[in-house]
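>>> Here is a sequence together with a model predicted from it:
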Amino acid sequence: MIVRTLAEAAQTNRKIVSPDGNWDSTRLLLKDDNMGFSFHITTIFKGADFQMHYQNHLESVYCMSGRGEIVRLEDNKVFPIEEGTLYILDKHDKHILRAFEEMKLACVFNPPLNGKEVHNKEGAYELVADTI
Ligand SMILES: CC(=O)NCC[C@H](N)C(=O)O
(Lines give C-alpha, C1' and ligand atoms only; values in the text may rest on other atoms or scores of the structure.)
Protein backbone atom coordinates (compact mmCIF):
# COMPACT_ATOMS: atom_id res chain seq x y z
CA MET A 1 0.00 0.00 0.00
CA ILE A 2 1.08 3.55 -0.70
CA VAL A 3 -0.18 6.53 1.30
CA ARG A 4 0.68 10.11 0.36
CA THR A 5 -0.74 13.54 1.09
CA LEU A 6 -1.07 16.43 -1.32
CA ALA A 7 0.49 18.79 1.22
CA GLU A 8 3.62 16.66 1.55
CA ALA A 9 3.93 15.86 -2.16
CA ALA A 10 3.60 19.54 -3.05
CA GLN A 11 6.82 20.21 -1.09
CA THR A 12 8.78 17.84 -3.34
CA ASN A 13 9.74 17.60 -7.00
CA ARG A 14 6.37 15.94 -7.60
CA LYS A 15 5.05 19.48 -8.00
CA ILE A 16 5.65 20.89 -11.47
CA VAL A 17 4.98 24.52 -12.35
CA SER A 18 4.33 24.92 -16.05
CA PRO A 19 6.78 27.36 -17.69
CA ASP A 20 3.89 28.84 -19.72
CA GLY A 21 2.27 30.14 -16.51
CA ASN A 22 -1.04 28.34 -17.12
CA TRP A 23 -0.96 25.62 -14.46
CA ASP A 24 0.82 23.73 -11.76
CA SER A 25 0.40 20.08 -10.95
CA THR A 26 1.34 17.78 -8.10
CA ARG A 27 1.80 14.29 -9.45
CA LEU A 28 0.80 12.10 -6.53
CA LEU A 29 1.12 8.81 -8.37
CA LEU A 30 3.64 8.17 -11.15
CA LYS A 31 4.93 5.54 -13.51
CA ASP A 32 7.41 4.14 -11.02
CA ASP A 33 4.55 3.30 -8.66
CA ASN A 34 3.58 0.61 -11.20
CA MET A 35 -0.17 1.22 -11.13
CA GLY A 36 -0.56 1.60 -14.90
CA PHE A 37 -1.83 5.17 -14.60
CA SER A 38 -0.72 8.42 -12.98
CA PHE A 39 -2.84 10.66 -10.76
CA HIS A 40 -2.36 14.38 -10.37
CA ILE A 41 -3.95 17.34 -8.63
CA THR A 42 -3.73 20.23 -11.05
CA THR A 43 -4.47 23.93 -10.61
CA ILE A 44 -5.37 25.85 -13.76
CA PHE A 45 -4.78 29.51 -13.07
CA LYS A 46 -7.51 32.10 -13.61
CA GLY A 47 -7.41 33.51 -17.13
CA ALA A 48 -5.53 30.53 -18.60
CA ASP A 49 -6.51 29.89 -22.22
CA PHE A 50 -4.33 27.33 -23.96
CA GLN A 51 -4.29 24.41 -26.35
CA MET A 52 -3.38 20.82 -25.59
CA HIS A 53 -3.20 17.66 -27.62
CA TYR A 54 -2.17 14.53 -25.76
CA GLN A 55 -1.21 12.44 -28.77
CA ASN A 56 0.56 9.88 -26.58
CA HIS A 57 -1.78 9.73 -23.58
CA LEU A 58 -5.40 9.28 -22.57
CA GLU A 59 -6.56 11.65 -19.83
CA SER A 60 -9.61 11.95 -17.57
CA VAL A 61 -10.12 15.21 -15.69
CA TYR A 62 -12.52 15.80 -12.79
CA CYS A 63 -13.23 19.38 -11.70
CA MET A 64 -13.27 19.75 -7.92
CA SER A 65 -13.69 23.53 -7.91
CA GLY A 66 -13.64 26.59 -10.14
CA ARG A 67 -15.19 27.31 -13.49
CA GLY A 68 -14.08 27.22 -17.09
CA GLU A 69 -14.71 25.54 -20.40
CA ILE A 70 -13.17 23.09 -22.84
CA VAL A 71 -13.37 23.42 -26.62
CA ARG A 72 -13.15 20.23 -28.68
CA LEU A 73 -11.27 21.46 -31.72
CA GLU A 74 -12.52 18.71 -34.04
CA ASP A 75 -15.91 20.49 -34.22
CA ASN A 76 -15.37 23.58 -32.00
CA LYS A 77 -17.98 22.31 -29.54
CA VAL A 78 -17.73 24.08 -26.18
CA PHE A 79 -18.39 22.23 -22.91
CA PRO A 80 -18.70 24.17 -19.64
CA ILE A 81 -16.61 22.93 -16.72
CA GLU A 82 -17.65 23.40 -13.11
CA GLU A 83 -17.44 21.50 -9.85
CA GLY A 84 -18.54 17.94 -10.56
CA THR A 85 -17.72 17.90 -14.28
CA LEU A 86 -15.61 15.05 -15.65
CA TYR A 87 -14.14 15.31 -19.14
CA ILE A 88 -12.53 12.33 -20.77
CA LEU A 89 -10.09 12.67 -23.68
CA ASP A 90 -10.78 9.19 -25.01
CA LYS A 91 -9.88 10.08 -28.60
CA HIS A 92 -6.67 12.01 -27.91
CA ASP A 93 -8.90 15.02 -28.56
CA LYS A 94 -7.13 18.24 -29.48
CA HIS A 95 -8.65 20.90 -27.21
CA ILE A 96 -8.49 24.36 -25.68
CA LEU A 97 -8.90 24.75 -21.92
CA ARG A 98 -10.04 28.06 -20.41
CA ALA A 99 -10.30 28.98 -16.74
CA PHE A 100 -12.69 31.80 -15.86
CA GLU A 101 -11.86 31.14 -12.21
CA GLU A 102 -8.96 29.13 -10.81
CA MET A 103 -9.83 25.46 -11.29
CA LYS A 104 -8.72 22.54 -9.12
CA LEU A 105 -8.69 19.34 -11.16
CA ALA A 106 -7.99 15.68 -10.46
CA CYS A 107 -6.32 14.16 -13.52
CA VAL A 108 -5.56 10.56 -14.48
CA PHE A 109 -3.15 9.71 -17.32
CA ASN A 110 -2.69 6.44 -19.16
CA PRO A 111 0.09 5.60 -19.80
CA PRO A 112 1.39 7.10 -16.56
CA LEU A 113 3.65 10.12 -16.59
CA ASN A 114 7.18 9.69 -15.26
CA GLY A 115 6.89 13.01 -13.44
CA LYS A 116 9.04 15.45 -15.40
CA GLU A 117 6.79 16.17 -18.36
CA VAL A 118 5.83 19.66 -19.46
CA HIS A 119 3.91 20.40 -22.65
CA ASN A 120 5.75 20.53 -25.95
CA LYS A 121 4.72 23.04 -28.61
CA GLU A 122 1.79 20.80 -29.64
CA GLY A 123 0.50 20.73 -26.06
CA ALA A 124 1.53 17.08 -25.76
CA TYR A 125 3.82 15.12 -23.48
CA GLU A 126 6.54 13.09 -25.15
CA LEU A 127 6.85 9.42 -24.35
CA VAL A 128 10.31 9.30 -22.83
CA ALA A 129 12.52 6.47 -21.76
CA ASP A 130 12.48 5.73 -18.06
CA THR A 131 14.83 8.07 -16.27
CA ILE A 132 13.53 7.82 -12.70
C1 LIG B 1 -5.92 19.37 -17.48
C2 LIG B 1 -4.49 19.23 -17.88
O3 LIG B 1 -4.11 18.35 -18.59
N4 LIG B 1 -3.68 20.16 -17.39
C5 LIG B 1 -2.28 20.14 -17.65
C6 LIG B 1 -1.48 19.55 -16.52
C7 LIG B 1 -1.69 18.06 -16.37
N8 LIG B 1 -2.90 17.76 -15.70
C9 LIG B 1 -0.52 17.47 -15.60
O10 LIG B 1 -0.68 17.11 -14.45
O11 LIG B 1 0.55 17.37 -16.17
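That came in fine, so what should we check first? Numbers count the residues shown, from 1 in each chain.
>>> Wait, residue 60 touches residue 85, no?
No. Using CB atoms under 8 Å, residue 60 makes no contact with residue 85, being 11.3 Å away. Every C-beta, even on glycine, is put in place using the N, C-alpha and C of the backbone.
>>> where along this protein do the helices fall?
For the chain, helices defined by DSSP state H occupy the ranges 6-9.
>>> All the strands of this protein, residue numbers only.
15-17, 23-29, 38-44, 49-52, 58-65, 67-72, 77-82, 86-89, 95-99, 103-110 (DSSP state E).
>>> Now tabulate those in TSV and tack on mean neighbour count.
Below are the strands of the chain laid out as TSV (neighbours: other CB atoms under 10 Å):
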stretch	mean neighbour count
strand 15-17	15
strand 23-29	21
strand 38-44	21
strand 49-52	16
strand 58-65	17
strand 67-72	18
strand 77-82	13
strand 86-89	15
strand 95-99	20
strand 103-110	19
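>>> any chance of those in JSON lines, with mean pLDDT too?
Formatted as JSON lines, the strands of the chain follow (pLDDT from 0 to 100):
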{"stretch": "strand 15-17", "mean pLDDT": "94"}
{"stretch": "strand 23-29", "mean pLDDT": "97"}
{"stretch": "strand 38-44", "mean pLDDT": "98"}
{"stretch": "strand 49-52", "mean pLDDT": "96"}
{"stretch": "strand 58-65", "mean pLDDT": "98"}
{"stretch": "strand 67-72", "mean pLDDT": "98"}
{"stretch": "strand 77-82", "mean pLDDT": "98"}
{"stretch": "strand 86-89", "mean pLDDT": "98"}
{"stretch": "strand 95-99", "mean pLDDT": "98"}
{"stretch": "strand 103-110", "mean pLDDT": "98"}
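>>> Tabulate those in CSV, adding columns for distance to residue 116.
Output for these, formatted as CSV (distance: least, CB to CB, whole Å):
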stretch, distance to residue 116
strand 15-17, 8
strand 23-29, 9
strand 38-44, 12
strand 49-52, 17
strand 58-65, 17
strand 67-72, 25
strand 77-82, 27
strand 86-89, 21
strand 95-99, 21
strand 103-110, 13
